[in-house]
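Asks: Sequence first, predicted coordinates after that:
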Amino acid sequence: MANRFAVASGNWNDNNNWAATSGGTPGASFPVAGDVVAFDSLSGNANITVNVASACASLVVSGTYTGTLTFNAALVTTSTVTFIAGMTIAGTAGTLQVNTGNTITSGGKTLTCNFTCNNGGGTLTLGDSWTVNGVAALGNSASQQTYNGNTLTCAGGITLIGVASTVIGTTLLKMTGGTLQTTNAWTTGSLKLNLNFDGGANTLTVSGTLRYSGGTITYVSGTMSMGTSILVLSAASTLNTNGMTWPNYQPVTSITVTMTSDFQATDIQWPTFAAWSGNFVITCATMTTQGTTSSLTISGNLNCTGLWTDVTSVAWTQGGAFDITAGSCTMSGTKTITLTRDITITGTTTSSDANVINGAFNWKTGGLTTTGALTGTATMLFNGTGTWTGAAAALSMNTTINTAGTLTLSGTILFAASGTPTLTWIAGTVSRGSSILSIASSCTLNTLGGTSGMLWQNITLTAALTLTINALLQADGTLTLPNAAVTFAGTDGFIVNSLTTATITAARTYTMASGETYEITNSFTVTGLVAGHVIFAGSAAAGTKANIVLDGPASQSLGYVDATDIDSSAGQSIYTFGGTLTRTVNWNNTSSSSRVGLNAVGHAG
């Protein structure tokens, strides 16, 4: 090992530029591996160019040196590197290689060439912050490297080297330009330094698989070119990357991820176990849930705009849960989800396109908005506090209300546009406001009116269907029958404030379950046509009657309404103008339209 001092300008490998002592006689051999190299106040501001692959132990610049060190080739150092503010660093074709176990100080200078630390494991200490205009290569083939102190700003890109290398420490890794990439697929290694993407007006490119663990990734600025890159989280990490979209996110193990901003990804492959904390939005185009005993807890909102695929091969074992807690879920893009376990959405589920939820399990939610049809064999279970918002599309799944909270109904609730779903109330307060329950296909209602269940405000049937009522159906408003045939079935009837129909254009029959009671408390208004009567008929054999009860204070206006096998003896007499009565009790056919409020042409007046 020898000491070498720069004393004249020229190339690194020229003996005439080096002395054995500070300010000494030129002509000592040029520095090689193991030599201590110095640029000091007696160097005469010599300008040295690293013109060929070179090496030394330490490289220390000190004193009043104001010359230029140009990197046109690689310089490998094995000990301390120190630059000072008064010097100039130039050259873009070379590389400065440093070793762990040492301290490097930039003196505020920008390294214009490439930078690498790819020797074995150990700690590299940054004595101050560094800016590298070339590519910064970190890591090695297998060993862990630690970078401590200050900030390493990479303007020319970052290359993570090796298969199993792990890069950790307290240094902030800031990328302001170039490409972040890995070599050898980096299959078991990971980056644990805090990482900032801060490109300003530049484009930052991410390529390959970024395995990250234990730190914070932050997006600050820049245009992100992500290609098909993959973010793999292998340990608890923090993500603050709102403003950029990851193409693929694939956590590989049980982890906790803390979000401090919204998170966007094109495709998310959820792991067996994961917990995402932070009340922010996770948005993805497609996602896959997997594992046999998976537990995925998300504190924020989940917005899946494309295909959700559940690849779990077996049903949940005890203790399994899929919870999106204190958040909501938006399903769009038209998808079919097959549940192999209960799904819990504590907030609101939004189906913004036609989606299907299949399986013999529950989709648990606090609220629901259907701007796209929602169908399937699974059960929609309202088990929290939220709002069921009427919109442009219907819910046609078996649905249960069983909550300790309050379910608020808003607008026109479209239920049963297809299939034969069942709507059941078990527990919970239902705030109905001026909502309308609108039904377009056959279904079953088990909502148990009165103080023991829920009260609907208004109910509108809009198509030919069978409405099966197995627990008392009650509405404080109006039940409107469609301009189409309806059959009432089941083991119970209804109590409604008013019963009426849509405008009738042809003969229509409303079949009532014989033996059941249908009570009207305020008004009964039905108008058929001279050539197309409305018929209320019991469902069973001749002589077995259904009960239509018109309470004493209620008003009535029935024209061209027939009744067959109907018993109204439990309430006031019912009068119909121009109707036909067959095996009825307490019905009267009147020839006076004024008695039932009809004008001469047979319209309600």
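Replies: The structure has been received and is ready for your questions. Residues are numbered from 1 along each chain as shown.
Asks: Excluding sequence neighbours, find me the nearest residue to L138.
Replies: Sequence neighbours aside, V167 is the residue nearest to L138 in space, at 5.2 Å (criterion: CB to CB, 6 or more residues apart in numbering). (C-beta placed from N, C-alpha, C; glycine too.)
Asks: Might you report the residue contacts of the one you found?
Replies: V167 makes contact with L138, G139, Q144, Q145, T146, Y147, L160, G189, S190, L191, K192, L193, according to CB atoms under 8 Å, 6 or more residues apart in numbering.
Asks: Three-state assignment for the fifth one, please.
Replies: State at T146, reduced to three classes by DSSP: H, G, I helix; E, B strand; the rest coil: strand.
Asks: show me the contacts for it.
Replies: T100, G122, T123, L124, V167, I168, G169.
Asks: related to what we said a few turns ago, distance to R432 and pLDDT for the contacts of V167 - can I get that in JSON lines?
Replies: Output for the contacts of V167, formatted as JSON lines (distance: CB to CB, whole Å; pLDDT from 0 to 100):
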{"residue": "L138", "distance to R432": "62", "pLDDT": "91"}
{"residue": "G139", "distance to R432": "62", "pLDDT": "85"}
{"residue": "Q144", "distance to R432": "62", "pLDDT": "87"}
{"residue": "Q145", "distance to R432": "64", "pLDDT": "91"}
{"residue": "T146", "distance to R432": "63", "pLDDT": "93"}
{"residue": "Y147", "distance to R432": "62", "pLDDT": "96"}
{"residue": "L160", "distance to R432": "59", "pLDDT": "88"}
{"residue": "G189", "distance to R432": "59", "pLDDT": "75"}
{"residue": "S190", "distance to R432": "54", "pLDDT": "85"}
{"residue": "L191", "distance to R432": "54", "pLDDT": "91"}
{"residue": "K192", "distance to R432": "54", "pLDDT": "93"}
{"residue": "L193", "distance to R432": "56", "pLDDT": "95"}
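Asks: Return the closest of those with respect to Y575.
Replies: S190 (83.5 Å; CB to CB).
Asks: So the closest one is in contact with T182, correct?
Replies: No - in this structure, S190 is not within contact of T182 by CB atoms under 8 Å, at 10.2 Å.
Asks: For the residue nearest to L138, give the beta-bridge partners.
Replies: Note on V167: beta-bridge partners by DSSP bridges are Q145, L191.
Asks: For stretch 529-538, buried residues please.
Replies: Neighbour-count burial for stretch 529-538, counted by 16 or more other CB atoms under 10 Å, picks out L529, H533, V534, I535, F536, A537, G538.
Asks: again but with stretch 47-63, I slipped
Replies: Buried, per 16+ other CB under 10 Å, within stretch 47-63: 47-51, 54-62.
Asks: How about stretch 228-235?
Replies: S229, I230, L231, V232, L233, S234, A235.
Asks: out of these, which are inside strands?
Replies: Under the assignment DSSP state E, the buried residues of stretch 228-235 contribute I230, L231, V232, L233 to strands.
Asks: show me what contacts the last one?
Replies: Translated: L233. Neighbours of L233 in contact, by CB under 8 Å, 6+ apart: Y212, S213, Y249, P251, V252, I255, V257.
Asks: Any regions of the stretch 301-450 of the chain where pLDDT drops low?
Replies: Under the criterion pLDDT under 70, the flagged ranges of the stretch 301-450 of the chain are 308, 310-326.
Asks: again, only using 90
Replies: Residue ranges of the stretch 301-450 of the chain with pLDDT under 90: 301-347, 350-356, 358-361, 390-392, 448-450.
Asks: Look up how far S557 lies from S221.
Replies: S221 sits 71 Å away from S557, going by CB to CB, to the nearest Å.
Asks: Which one's more surrounded, those two?
Replies: Legend: neighbour count by other CB atoms under 10 Å for S221 and S557, higher for S557 (21 against 16).
Asks: who's the more buried one bridged to?
Replies: Here S557, judged by DSSP bridges, has bridge partners T525.
Asks: for V257, same thing?
Replies: S237, W276.
Asks: cool, and N355?
Replies: Going by DSSP bridges, N355 forms beta bridges with L374.
Asks: which residues does it contact?
Replies: N355 neighbours (CB under 8 Å, 6+ apart): M331, S332, T334, K335, T336, I337, G372, A373, L374, T375, G376.
Asks: What helices and strands are in contact with the host helix or strand of the last one?
Replies: Spelled out, it's G376. Per DSSP states H and E: G376 is located in strand 374-382. With contacts taken as 3 or more CB pairs under 8 Å, 6 or more residues apart in numbering; DSSP states H and E, strand 374-382 sits against strand 355-358, strand 362-370, strand 395-410.
Asks: Let me know which of the ones you listed is tucked in deepest.
Replies: For the helices and strands packed on strand 374-382, average neighbour numbers computed from mean count of other CB atoms under 10 Å are highest in strand 362-370, which has a mean of 23.
Asks: just checking, what packs against that strand?
Replies: For strand 362-370, the elements it packs on are strand 343-351, strand 374-382, strand 386-389, strand 395-410, judged by 3+ CB pairs under 8 Å, 6+ apart.
Asks: and that strand, C-alpha only, in PDB?
Replies: Extracted as PDB, the C-alpha positions of strand 362-370 are listed here (Å, rounded to 0.1, in the frame of the first residue of the first chain):
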ATOM      1  CA  ASN A 362     -73.300 -14.000   2.400                       C
ATOM      2  CA  TRP A 363     -72.200 -10.700   1.000                       C
ATOM      3  CA  LYS A 364     -72.400  -8.600   4.200                       C
ATOM      4  CA  THR A 365     -72.800  -4.900   3.800                       C
ATOM      5  CA  GLY A 366     -73.900  -1.800   5.600                       C
ATOM      6  CA  GLY A 367     -75.500  -0.200   2.600                       C
ATOM      7  CA  LEU A 368     -76.100  -0.700  -1.100                       C
ATOM      8  CA  THR A 369     -76.300   1.400  -4.300                       C
ATOM      9  CA  THR A 370     -77.200  -0.400  -7.500                       C
END
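Asks: TSV for the ones in strands among the buried residues of stretch 228-235, including pLDDT and distance to N16?
Replies: Putting those into TSV (pLDDT from 0 to 100; distance: CB to CB, whole Å) gives the following:
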residue	pLDDT	distance to N16
I230	91	53
L231	92	53
V232	90	53
L233	88	55
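Asks: in these, which two residues are the furthest apart from each other?
Replies: It's I230 and L233 that sit farthest apart of those, by CB to CB, at 10.5 Å.
Asks: Can you convert the contacts of N355 into a markdown table and add a column each for distance to L296 and neighbour count?
Replies: Compiled in a markdown table, the contacts of N355 are given as follows (distance: CB to CB, whole Å; neighbours: other CB atoms under 10 Å):
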| residue | distance to L296 | neighbour count |
| --- | --- | --- |
| M331 | 16 | 26 |
| S332 | 20 | 18 |
| T334 | 23 | 15 |
| K335 | 18 | 19 |
| T336 | 20 | 15 |
| I337 | 14 | 20 |
| G372 | 24 | 19 |
| A373 | 26 | 19 |
| L374 | 21 | 28 |
| T375 | 24 | 21 |
| G376 | 21 | 21 |
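Asks: Quick one: distance of stretch 216-234 to the chain centre.
Replies: In terms of CA atoms, centre = their mean, to the nearest Å, the centre of stretch 216-234 is found 18 Å from the chain centre.
Asks: Mark which of the contacts of T146 are part of strands, please.
Replies: Using DSSP E, the contacts of T146 in strands are G122, T123, L124, V167, I168, G169.
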